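Student: Could you look at this predicted model? Sequence included:
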Amino acid sequence: MLYPRQSVSRQLIDLCGIWDFKADGKGAGRAEKWFSRKLAGQIPMPVPASYNDITQDAGLRDHVGEVWYQREFFVPAAWKGLRIVLRVDSATHHATVWVNGKQVAKHKGGYMPFEADLSDKVDYAGPNRVAIAVSNVLDYTCIPPGEVKTEEHPWGTIKWQEYFHDFFNYAGLHRQVRLYCTPKVRIDDVTVTTDIKGPAGLVNYEVAVAGGRRPVAVKLFDAAGRCVAQGQGAAGQLKIPSAKLWSPDEPNLYRMEICTLDRTGRPEDVYSLNIGIRTVQVKGGRFLLNGRPFYFKGCCKHEDSDIRGKGLDHALNVKDFNLLKWMGANSVRTSHYPYSEEFMDLADRFGIAVIDESPAVGMITFNKPASFFTERATSPALLEHHLQVMSELVRRDRNHPCVFMWSVCNEPASDDRAARPYFRKVVERTRGLDPTRPVTGVLCVGWDKEQTADLYDVVCINRYHGWYWHPGNLEMIAPSMTHEFRQWHKRFGKPVFLTEFGADTVHGLHSDPPLQFTEEFQSAFYREYHKAIDDCDFVIGEHAWVFSDFQTKQTVHRVVGNRKGVFTRQRQPKAAAHLLRTRWLNLKKYPKK
């Protein structure tokens, strides 16, 4: 699915702003056909944003079920005869869309875009009404999974959404909503892969045209706007003799312009996208970027901030990328779901490699870790949805040079034997969609019990020695982690990546000698892990958990969220941010261990 971009043949109308909003506490909206008329009892709600923290109503924050968004829009008369599309970039987690009282779209999955063709459904003479019902309910047929629970008591009934991932279940219209138009015969999809041959860069492309047949012309422009290569046809290869390659150190981008041509040879539909020329592969126990060893240094993140929750925030995204570069980071993982397309564009521009992760998180019950796939995830609908999400993710992000690996999951119950056939199918689907990138999954069970690690190109593990295991014991971290790294490598013979390690830290809390939750402890904690990492040459990366503090559901072990950030939720540095900056700026190339 192509990201909406303006061109001489394509126009956009932004539908973001203040919408009418109503929570459906009794589940009556569909039966009462709220989609067919103006909402009664509505309140203003910003889009994009999570709805949970916008009001002073704790009931809305913790609401379980559907909420309704509604607004009016106009379609320019000049758009008559064109293809008109409504695009919703994210509706968490399930959405149904009506326009002028008629259902036009339905989508499952909270982090991927979906569209509806409105060409024959809009009124050019007056206002059109769009209504979107969004549900935050999670069950065992979707990722992330969950379960709505109720308890009956003599004094009343309690209902809540149970979920097994450690971040707040923010919901709503989190990203942009837009109307756009294209010609009837249009560029429908573009696939770009790149290779290197000596000093030359090779750009392979495939263009899908929908609505009819048209000749295709392709041009490639460098950063100065010079055309450096061009081709004809819906598929082909462009060769750039002295290509400027993409890397975190030098994120060189080219602009590809694709045109369909009418009968006179003039452009009919025009679409442009940025590409980077680079190769990635796992070979000889190393992760290679452009044929050279690459060492990942950076953080896991969350789309999370005060008030707007998971809502798209351009200013915050740019700030976060500036902080990552300030730290000397070269990579992030989109823990634990796909981030916005605007985030991915910035990663291309700033030069931040991305491990692009699916929302398959919380597929474990830590009190009974081996039971999830044999006792809970028994519906074939879960696997079907997981496969669909991976298909949507790869098709959305495959042209981004920043994407180095696909991650199909985070911390599943991979010691469950039933997990192996499940993830084999997910990995096979992902490789089939994109054979040019490595595939991984992020693991948390013991190396001796793991059932799936051999399916992946890189063994990614999360570890919290000295925090959840033997809390406060700094002395055991380096020897125990060195031993574990070696066991993983001995059993599976693949590069190892420490994708999470961190300690909750209250900004401004100090103790010497270090105690848990202080800035001194967080810094000492990281130093001990670095000793083990530096002692193992096969460890190809380190991602601190986590970039910034973030909100979670309320539990007795979370004090207003997860505090493991090296920055506060407001993006102020803790002492560990300076420690990591010193380390990572001195690891400019592949470290010698």
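Tutor: Perfect, I can see it now.

Student: make it CA atoms for all contacts and neighbour counts henceforth
Tutor: OK.

Student: what residue lies at the spatial centre of the chain?
Tutor: Central residue of the chain (Cα atoms, centre = their mean): residue 338, 1.6 Å from the mean position.

Student: In contact with it, which residues?
Tutor: By Cα atoms under 8 Å, 6 or more residues apart in numbering, the contact list for residue 338 reads 111, 112, 356, 357, 358, 359, 393.

Student: closest to residue 261 among these?
Tutor: Nearest to residue 261, judged by Cα to Cα, of the contacts of residue 338 is residue 393 at 29.9 Å.

Student: Next, the closest one: phi, psi?
Tutor: When quoted as degrees, to the nearest 10, the phi and psi of residue 393 stand at phi -70, psi -50.

Student: do residue 551 as well
Tutor: Backbone torsions for residue 551, taken as degrees, to the nearest 10, come to phi -80, psi 150.

Student: OK, contacts around it?
Tutor: Counting by Cα under 8 Å, 6+ apart, residue 551 touches 167, 168, 304, 560, 561, 562.

Student: Residue 229 now?
Tutor: When contacts are counted by Cα under 8 Å, 6+ apart, residue 229 touches 219, 220, 221, 238, 239, 240.

Student: so which of those residues is the most crowded?
Tutor: Taking other Cα atoms under 10 Å as the neighbour criterion, residue 220 ranks highest of the contacts of residue 229 with 24 neighbours.

Student: what about that one, which SS state?
Tutor: strand (DSSP: H, G, I helix; E, B strand; the rest coil).

Student: And stretch 63-80, what's buried?
Tutor: 63-73, 75, 79 (16 or more other Cα atoms under 10 Å).

Student: In strands, which of these appear?
Tutor: By the criterion of DSSP state E, membership of the buried residues of stretch 63-80 in strands covers 66, 67, 68, 69, 70, 71, 72, 73.

Student: Where does pLDDT dip in this protein?
Tutor: The model of the chain has pLDDT under 70 over residues 367-370, 589-593.

Student: Mind checking what secondary structure the residue nearest to the centre of the chain has?
Tutor: coil.

Student: what does the one 10 residues further on give?
Tutor: Assigned with three-state DSSP, residue 348 falls in the helix class.

Student: do the same with residue 488
Tutor: Residue 488 - assigned by three-state DSSP - is helix.

Student: among the contacts of residue 338, which ones are buried?
Tutor: Buried members of these, scored by 16+ other Cα under 10 Å, are 111, 112, 356, 357, 358, 359, 393.

Student: would you list every one of the strands in the stretch 151-300 of the chain?
Tutor: 156-163, 177-182, 186-197, 200-210, 216-221, 227-232, 235-240, 254-261, 267-275, 280-283, 286-289, 292-293, 296-300 (DSSP state E, counting those that start in this stretch).

Student: What helices and strands are in contact with the third one?
Tutor: Just to be clear, that refers to strand 186-197. Packing partners of strand 186-197 (3 or more Cα pairs under 8 Å, 6 or more residues apart in numbering; DSSP states H and E): strand 200-210, strand 254-261, strand 267-275.

Student: List the contacts of that strand.
Tutor: Contacts for strand 186-197 (Cα under 8 Å, 6+ apart): 1-2, 201-211, 259-260, 269-271, 275-279, 290, 398-399, 436.

Student: Residue 385 should be in a helix, yeah?
Tutor: Yes - assessed by three-state DSSP, residue 385 belongs to a helix.

Student: Chain neighbours aside, what residue packs nearest to it?
Tutor: Leaving aside its sequence neighbours, residue 385 sits nearest to residue 142 (Cα to Cα, 6 or more residues apart in numbering; 6.0 Å).

Student: which parts of the helix or strand harbouring residue 428 are buried?
Tutor: Residue 428 is part of helix 419-433, with elements assigned from DSSP states H and E. By 16+ other Cα under 10 Å, the buried positions in helix 419-433 come out as 419, 420, 422, 423, 426, 427, 430, 431.
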